[in-house]
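Student: Everything below, folded, please.
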Amino acid sequence: MKKVNALKGLFALLESFFPLQWSESAYIYNPPFTLFKTNNSVILGLDPLYDTTVEYALNNIGIKLGQGSSYFLLVPPVQKTLMMFDWFVRRSWQKAEYAVAWSMLNLMRGCRSVA
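Tutor: Numbers count the residues shown, from 1 in each chain. You can find the predicted model right below:
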């Protein structure tokens, strides 16, 4: 994944989830996945009850989920994509402009799939 692809990955994630799925309370109490930073690496932790939307979204950015594991060490380009997503999610809690842009992206995706 190049820098441009990390941005495409960010849009793929933003299109896959609605802002309400990543509201502050949902993110804190029941996130579909979390990121752990350790020793200059990022580890993806999955909720054991994640749904197929999460798997589909992660596959779109190049993460292949193995059976029976809930933790995955990420390669740097994927780390960048997920860190950008995390940044965007956190900004959407405080700034309505981010949440509105995210909602519009989902709305546009819905229009493309209907056409």
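Student: Identify the residues contacting the helix or strand containing residue 25?
Tutor: Element membership for residue 25 (DSSP states H and E) is helix 24-29. With contacts defined as CB atoms under 8 Å, 6 or more residues apart in numbering, helix 24-29 is touched by 20, 89, 93. All C-beta spots, glycine's among them, are computed from the backbone N, C-alpha and C.
Student: neighbours around the first one, how many?
Tutor: What that stands for is residue 20. The tally of other residues near residue 20 (other CB atoms under 10 Å) stands at 9.
Student: Tally up the residues packed near the residue nearest to it when sequence neighbours are not counted, please.
Tutor: Counting by CB to CB, 6 or more residues apart in numbering, residue 20 lies nearest to residue 26, which is 7.3 Å off, once chain neighbours are set aside. Counted with other CB under 10 Å, the neighbours of residue 26 add up to 14.
Student: any idea how far residue 71 is from residue 58?
Tutor: 13 Å (CB to CB, to the nearest Å).
Student: who touches both of those two?
Tutor: Common contacts of residue 58 and residue 71 (CB under 8 Å, 6+ apart): residue 44.
Student: For these two, work out which one has more neighbours and name it.
Tutor: Per other CB under 10 Å, whichever of residue 58 and residue 71 has more neighbours is residue 58, with 25 against 10.
Student: Buried ones in the helix or strand in which the more buried one is found, by neighbour count?
Tutor: Assigned by DSSP H and E, residue 58 falls within helix 52-60. Buried residues in helix 52-60, counted by 16 or more other CB atoms under 10 Å: 54, 57-58.
Student: Closest to residue 30 out of these?
Tutor: Nearest to residue 30 among those, counting by CB to CB, is residue 54 at 12.1 Å.
Student: That closest one contacts residue 32, correct?
Tutor: Yes - here residue 54 lies in contact with residue 32, judged by CB atoms under 8 Å, at a distance of 4.5 Å.
Student: Now for these two: what residues contact both?
Tutor: Common contacts of residue 54 and residue 32 (CB under 8 Å, 6+ apart): 46-47.
Student: a strand runs through residue 43, doesn't it?
Tutor: Yes - judged by DSSP: H, G, I helix; E, B strand; the rest coil, residue 43 forms part of a strand.
Student: No further queries at this time; thank you.
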